[in-house]
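A.B. asks: what follows is a predicted structure for the sequence shown.
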Amino acid sequence: MANNNKKTLKQSQQEYQSIQKKHETKRPVLKNCLKAFLVGGIICTIGQAVQLFYIYNFNFTEQTAGNPTVATMIFFAMLLTGFGVYDRIGQFAGAGSAVPVTGFGNAVISACIEHRSEGFVLGVGSNMFKLAGSVVLFGTFSAFVVALIKTILLKWGGF
Amino acid sequence: MLQGNGTWIFENKPVIISSAAVGGPFEANGNIANDFDILHEDLWFGQESYEKAHKVLFEEAFQIAIEKAGVTKEQIQFTLAGDLINQITPSSFAARTIGTPYLGLFGACSTSMEGLALGAFITNYGGAKYLLTGAASHNAAVEKQFRYPTEYGGQKPPTAQWTVTGAGAVVLSSKGEGPYVTSATIGKVIDMGLSDPFNMGGAMAPAAVDTIVSHLSDRQIEPAYYDLIVTGDLGRIGREVSIDLLKQQGLDIVESRYLDCGLLIYRDDQPVLAGASGAGCSASVVYGHLLNRMKKGEFKRILVVATGALLSPLSFQQKETIPCIAHAVSIEYGGA
């Protein structure tokens, strides 16, 4: 972050930052990636199991089983968040528990719990998408852009 | 009396006649649990919001300090207090309960020593017979404001620090028995261009060093004059960086006598990453643990350098760097 504006830093600040860098504990990136892969994988395996459960026990197909699966996974995330476990998994797993839909659930639910003390309207209602709002906005927007590109290619690309 | 550029010498030696420290559940599992007067098992403290719990935390510290001093609320002339919450409401609300004239302070995590320095100054010059000062922070209330919701599963980097749930308060008096305040150095705001709010120690270290250097040069003493120099909440990284910087300045720092409150409060196996932080960190460690050790005769002279990062969630989002400050107060007990 600090590298971007190095030019604007005074010399004393630059000197200090290089001393500081020496002592700064680095994020263990490789270890974090492995943990994220493992936990993310486990969450997705559970999700797969839930999907198969819906397909075999109810009248769902592979296409339609997605919705109840997502709802169930978010329900699990909600319980784990409420019991104060999900943040501990998050500290261990990083992106592994943040990227799957359970992470999205956690972002919404944790904000709801946090702002319960300000009431339902000013607290829960206006803060629930505090963290997840950007995911919704930019997720929808990138879906729109991808769909636009696909449409252009199909209509005028002659594929 | 002013000495040097920014150091007050208190000739009349204002006395810390009583002190109190209150903590939460995480502190109860920590390293210095015995030094707290009250430890709560639940972060909610029986309240319906963390902010209310924060206020109760503060009220309890004040009440215990007043009780231990053997005075009544009416005898206290002033309360000087501060915390990290927007508009320092926990301090003001606790002061409403105490009912004395009140000055609210904000120095982020350096508030404890800002209060002690100002309190000692007022008491030293006869401005108060009894004066109450303290600082507090509540983990969940502070995290809610500065970071993510408590239950959000974001991964913190190893440089992050854990906000202490704790309050510390003292009653200062112009006379009485106890450790006394001998001098204080008010720090400058120092900004070394760091902007990572998950690395406060690294940002605050230069402020601590600047204040220590000014204090020593104003008083014309060596670091060895103190049995202990203790910083507020630099954590592991900030402490190491500050040792480097102090040595660069040619100061002879003995590492075993240069401690950090952020590293004293918890056990090594508690998941606090680089250490503890928060306005309640230096307040509860100094006013609980360290004053107790002074009274046992382990140290005669200590210098407390409370460090604070003067950022807000907004300033960080607008990509501002983090200005920091440190205030130093020397406390002595017994001996020469």
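C.D. replies: Everything's here; your move.
A.B. asks: rest of the way, CA atoms for contacts and neighbours
C.D. replies: Fine.
A.B. asks: name the residues of chain A found near chain B, please.
C.D. replies: A:1-2, A:9, A:12-14, A:16-17, A:19-20, A:23-27, A:81-82, A:84, A:86-95, A:97-98, A:103, A:106-107, A:110-111, A:114, A:117 (C-alpha under 8 Å from any C-alpha of the partner chain).
A.B. asks: sketch out the helices for the stretch 101-250 of chain B, chain order is fine.
C.D. replies: B:111-124, B:139-146, B:200-219, B:235-248 (DSSP state H, counting those that start in this stretch).
A.B. asks: deepest-packed of the ones you listed, please.
C.D. replies: Most buried of those, by mean neighbour count (mean count of other C-alpha atoms under 10 Å in any protein chain shown): helix B:111-124, with a mean of 28.
A.B. asks: list the contacts of that helix.
C.D. replies: B:8, B:10-14, B:80-83, B:105, B:107, B:128-135, B:168, B:172-174, B:181, B:183-186, B:279-280, B:282-283, B:304-306, B:308, B:327-329 (C-alpha atoms under 8 Å, 6 or more residues apart in numbering or on different chains).
A.B. asks: got a PyMOL select line for the buried ones in those residues?
C.D. replies: To isolate the buried ones among these in PyMOL, judged by 16 or more other C-alpha atoms under 10 Å in any protein chain shown, type:
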select buried, chain B and resi 8+10+12+13+14+80+81+82+83+105+107+128+129+130+131+132+133+134+135+168+172+173+174+181+183+184+185+186+279+280+282+283+304+305+306+308+327+328+329
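A.B. asks: circling back to that earlier point, in strands, which of the residues of chain A next to chain B fall?
C.D. replies: Nothing among those maps onto strands, per DSSP state E.
A.B. asks: any of those buried? List them.
C.D. replies: By 16+ other C-alpha under 10 Å, the residues of chain A next to chain B give A:9, A:13-14, A:16-17, A:19-20, A:23-25, A:81-82, A:84, A:86-95, A:97-98, A:103, A:106-107, A:110-111, A:114 as buried.
A.B. asks: check contacts around the residue of chain B found nearest chain A.
C.D. replies: Residue nearest to chain A within chain B: B:G153 (3.7 Å; C-alpha to the nearest C-alpha). Neighbouring residues of B:G153 by C-alpha under 8 Å, 6+ apart: A:86-91, A:94, A:97-98, A:103, A:106-107.
A.B. asks: among these, which lie within helices?
C.D. replies: If you go by DSSP state H, these have A:86-91, A:97-98, A:103, A:106-107 in helices.
A.B. asks: so can I have TSV of those showing distance to B:L314 and pLDDT?
C.D. replies: Listed next are the ones in helices among the contacts of B:G153 as TSV, based on distance: C-alpha to C-alpha, whole Å; pLDDT from 0 to 100:
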residue	distance to B:L314	pLDDT
A:Y86	27	94
A:D87	24	93
A:R88	27	93
A:I89	28	95
A:G90	25	94
A:Q91	24	94
A:S97	27	94
A:A98	24	92
A:G103	25	94
A:N106	24	95
A:A107	20	94
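A.B. asks: reformat the helices of the stretch 101-250 of chain B as TSV; add mean pLDDT.
C.D. replies: Below are the helices of the stretch 101-250 of chain B laid out as TSV (pLDDT from 0 to 100):
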stretch	mean pLDDT
helix B:111-124	97
helix B:139-146	93
helix B:200-219	96
helix B:235-248	95
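A.B. asks: burial measure for A:L34, as a count.
C.D. replies: 13 (other C-alpha atoms under 10 Å in any protein chain shown).
A.B. asks: and what of A:T69?
C.D. replies: A:T69: 20 neighbours (other C-alpha under 10 Å).
A.B. asks: what sits against the one residue in chain A that gets nearest to chain B?
C.D. replies: The nearest approach of chain A to chain B comes at A:D87, 3.7 Å away (C-alpha to the nearest C-alpha). A:D87 makes contacts with A:81, B:150-154, as judged by C-alpha under 8 Å, 6+ apart.
A.B. asks: looking at those, which one is closest to B:V164?
C.D. replies: B:T150 (13.7 Å; C-alpha to C-alpha).
A.B. asks: once you drop chain neighbours, what's closest to A:G84?
C.D. replies: Leaving aside its sequence neighbours, A:G84 sits nearest to B:E151 (C-alpha to C-alpha, 6 or more residues apart in numbering or on different chains; 6.1 Å).
A.B. asks: against B:P158, how distant is that neighbour?
C.D. replies: 19 Å (C-alpha to C-alpha, to the nearest Å).
A.B. asks: of the two, which one has the most company?
C.D. replies: B:E151 (26 against 18).
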